[in-house]
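[1] my questions are about this predicted structure, shown below with the sequence.
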Amino acid sequence: MKELLLLRHAKSSWDEPGMSDIERPLAPRGRRAAPLMGRELMKRGWLPDRVLVSPARRAQQTWRLVAAELGGAEPDLGSGEGLYMASPDELLAALRSTSRTAKRVLLVGHNPGMEDFASRLAGAGSEEDALERMREKFPTAALARFTIEGEWNALAFGAGRLLDFLKPKDFSQR
């Protein structure tokens, strides 16, 4: 059994209107949410052994802040080429090229592709409450956790089982 963790980048800043979209950094709220999600990954033992991160500045910053909370774990960092604003089909293709030795993959990406991909990936046996929450809204720094049967190269829409859907707001009151 494989696991897939889909993490939407944390909240980005819109303070510089002339800045290109790919260069936008995290907002203060995003710089608080990303480590929070990293601590949750660590606490739950959901440490990835492979990570794919969009080349966008906000996604890269999200990953660095999450990684700093993983207790020194050093997952294999794969190429994030093609993940910037990727469509569901492009995300599926990127995951299909994942090494078969990877057991738990974390993908850090963007909406609308991430939300659409997660909804299309969720198949039979998905946890109903998590699925409802995820389909209602996939906010910044939210994380969807799936189990996947079979190999990455055979991944298909509807083949994932959504187990958990976490949002920073779920933990910010602790």
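    Yep, that arrived. Numbering: from 1, shown residues only.
[2] count residues in the vicinity of the nearest residue to Trp63 once chain neighbours are set aside, would you?
    Spatial nearest neighbour of Trp63, chain neighbours left out: Val53 (4.6 Å); criterion: C-beta to C-beta, 6 or more residues apart in numbering. Just so you know, the C-beta spots here come from the backbone N, C-alpha and C atoms, and that holds for glycine as well. Neighbourhood size, Val53 [other C-beta atoms under 10 Å]: 24.
[3] cool, Ser79 as well?
    Ser79: 11 neighbours (other C-beta under 10 Å).
[4] so what pLDDT did it get?
    You'll see Ser79 listed with a pLDDT of 86.
[5] report all helices and strands that the longest helix along the chain contacts.
    Ranked by number of residues, the top helix in the chain under DSSP state H is helix 28-44. Secondary-structure packing of helix 28-44 (3 or more C-beta pairs under 8 Å, 6 or more residues apart in numbering; DSSP states H and E): helix 57-67, strand 143-148.
[6] quick check: beta-bridge partners of the residue nearest to Trp63?
    Val53 forms beta bridges with Val108, as assigned by DSSP bridges.
[7] going forward, begin numbering at 210 instead of 1
    From this message on, residue numbering opens at 210, which makes the last subject Val262.
[8] roughly how far apart are it and Gly322?
    Using C-beta to C-beta, to the nearest Å, Val262 is found at 14 Å from Gly322.
[9] could you dump the helices and strands packed on helix 237-253 into TSV with mean neighbour count added?
    Shown next, in TSV, are those (neighbours: other C-beta atoms under 10 Å):
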stretch	mean neighbour count
helix 266-276	22
strand 352-357	23
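[10] what helix or strand is Glu290 on?
    Assigned by DSSP states H and E, Glu290 belongs to neither a helix nor a strand.
[11] and it, what does it touch?
    Pro264 (C-beta atoms under 8 Å, 6 or more residues apart in numbering).
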